[in-house]
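Engineer: The sequence isn't on hand, but the structure is:
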Ligand SMILES: C[S@@+](CC[C@H](N)C(=O)[O-])C[C@H]1O[C@@H](n2cnc3c(N)ncnc32)[C@H](O)[C@@H]1O
Ligand SMILES: COc1cc(O)c(CC=C(C)C)c(O)c1C(=O)/C=C/c1ccc(O)cc1
């Protein structure tokens with residue numbers, strides 16, 4: 001006999017409805033990302049920040065600060081209402097001077113991470129890059145075998161290259177401050193290379209904290225070409241699959257998760273060749289523990305892992321066991337994992 005797995009109309013109880021709600025909310029999860037992007041592009045976090053730390057503004061007051069008449073005031077009100085449900089903005093009802101109730105919006109602990117002006121710890125560039133059409137497009141091709149070769153692609157799109165580099169720099173600003181607070185072994189180094197260091201933001205923070213270290217920022221030519229000059233840092237262009245510059249230690253932040261084990265092994269062997277006998281590789285990446293279902297960061301780390309499926313040819317977020325296998329296979333006899341209280345950072 002054929003069994004029916006789905007629900008029939010008569011057995012849709014509250015549990016079945018709860019399940020249906022999960023599916024609807026997941027279908028419309030993109031509405032949250034897109035509303036967030038719209039709010040950033042309209043500069044709403046900065047408009048609220050400029051009004052003062054505890055200020056709340058009505059949608060009309062926010063609308064008056066927008067440089068153009070778009071979007072319509074009614075659209076803006078609905079976007080703000082939606083984001084208040086998501087706790088991106090606070091929403092309070094107040095009586096205006098005519099005794100009419102109106103909704104006021106303010107920054108929350110979430111939207112404070114989106115303020116750009118005078119804010120070193122800002123996730124807005126990351127949000128705009130991840131939600132850009134160029135970044136979203138590969139998600140539509142995950143079921144097909146022909147994959148994007150993203151780094152080459154970025155080199156042909158200068159605007160996207162800038163967007164990507166800015167996003168990485170902004171996010172790095174957040175994670176490197178956590179790393180510097182909780183990992184003190186940089187002080188023992190005289191030379192350090194950041195392999196795949198982007199435009200050099202991470203190493204600029206390290207050299208600022210440890211001015212005696214001679215630092216090299218190493219990346220592909222189209223990235224190094226747009227990197228700003230940083231006192232104490234030499235920019236070197238090259239391909240980490242060919243060779244990497246020599247130093248006491250080689251750091252790689254968000255590099256290993258872009259590549260499969262075979263390519264990571266190639267990079268790690270190039271690092272090994274470039275290091276002195278007691279040299280160190282410092283990897284800053286996540287350690288995935290999907291069994292930790294109650295850890296609030298597990299969902300995010302699993303999302304990063306899917307990002308790697310969509311955007312790379314074989315990149316992945318690794319579990320402890322996968323890290324162990326990779327490092328041993330690459331020829332490292334010992335390693336140590338340091339847990340850093342940050343969303344993604346974990347130097348090894
Ligand atoms: C995900 S980004 C990480 C950037 C930076 N480490 C950070 O954490 O902000 C990966 C970086 O690897 C660089 N990259 C990719 N392929 C490379 C190669 N073959 N040689 C050197 N760098 C490479 C990219 O240009 C990019 O800057
Ligand atoms: C490979 O793409 C990425 C690698 C990364 O390490 C990050 C940063 C890590 C996390 C947020 C976990 C990325 O954000 C990306 C991308 O988002 C890449 C996007 C992309 C690059 C070039 C393209 O031609 C399309 C998309």
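Structural biologist: Received it, and whenever you're ready, just let me know what you need. Fair warning: this is a prediction, and the values are worked out from it, not measured in the lab. Ligands and ions are numbered 1, 2, ... in the order given.
Engineer: just the strands in the protein please.
Structural biologist: Remark: strands assigned in the chain by DSSP state E are 56-58, 89-95, 101-107, 191-195, 214-219, 233-237, 249-253, 280-284, 287-288, 318-319.
Engineer: What residues sit buried inside the second one?
Structural biologist: Along strand 89-95, these residues count as buried under the neighbour rule (16 or more other CB atoms under 10 Å): 89, 90, 91. In this view, the C-beta of every residue, glycine as well, is placed from N, C-alpha and C.
Engineer: looking at the sheet around the last one, what are its partners?
Structural biologist: It refers to residue 91. Beta-bridge pairing for residue 91 (DSSP bridges): residue 105.
Engineer: how near is it to residue 293?
Structural biologist: Distance of residue 91 to residue 293, computed by CB to CB, to the nearest Å: 31 Å.
Engineer: now swap in the first one and tell me
Structural biologist: Per CB to CB, residue 89 is found 29 Å from residue 293.
Engineer: Repeat that for the second one.
Structural biologist: Going from residue 90 to residue 293 by CB to CB gives 30 Å.
Engineer: can you check residue 186 too?
Structural biologist: 35 Å.
Engineer: higher neighbour count, the two?
Structural biologist: When residue 186 and residue 293 are compared for neighbours, residue 186 comes out ahead with 18 against 8, by other CB atoms under 10 Å.
Engineer: Around the residue nearest to the more buried one when sequence neighbours are not counted, how many other residues sit close by?
Structural biologist: Leaving aside its sequence neighbours, residue 186 sits nearest to residue 210 (CB to CB, 6 or more residues apart in numbering; 5.1 Å). Around residue 210 there are 16 other residues, counting by other CB under 10 Å.
Engineer: my read: residue 210 touches residue 191, true?
Structural biologist: No - if you go by CB atoms under 8 Å, residue 210 and residue 191 don't touch, sitting 11.3 Å apart.
Engineer: just so I have it, where are all the helices in the stretch 1-150 of the chain?
Structural biologist: Using DSSP state H, counting those that start in this stretch, the helices of the stretch 1-150 of the chain run over 14-27, 29-41, 44-50, 59-65, 73-85, 124-130, 133-136, 150-155.
Engineer: Compare the mean pLDDT across those and name the weakest.
Structural biologist: Note on the helices of the stretch 1-150 of the chain: helix 150-155 shows the lowest mean pLDDT, a mean of 71.
Engineer: Wondering if stretch 24-40 reaches ligand 2 at all.
Structural biologist: No - Stretch 24-40 does not reach ligand 2 (CB under 6 Å from any ligand atom); its nearest approach is 13.0 Å.
Engineer: That stretch: how far from the chain's middle?
Structural biologist: Taking CA atoms, centre = their mean, to the nearest Å, one finds stretch 24-40 lying 17 Å from the centre of the chain it belongs to.
Engineer: same deal with stretch 283-298?
Structural biologist: 15 Å.
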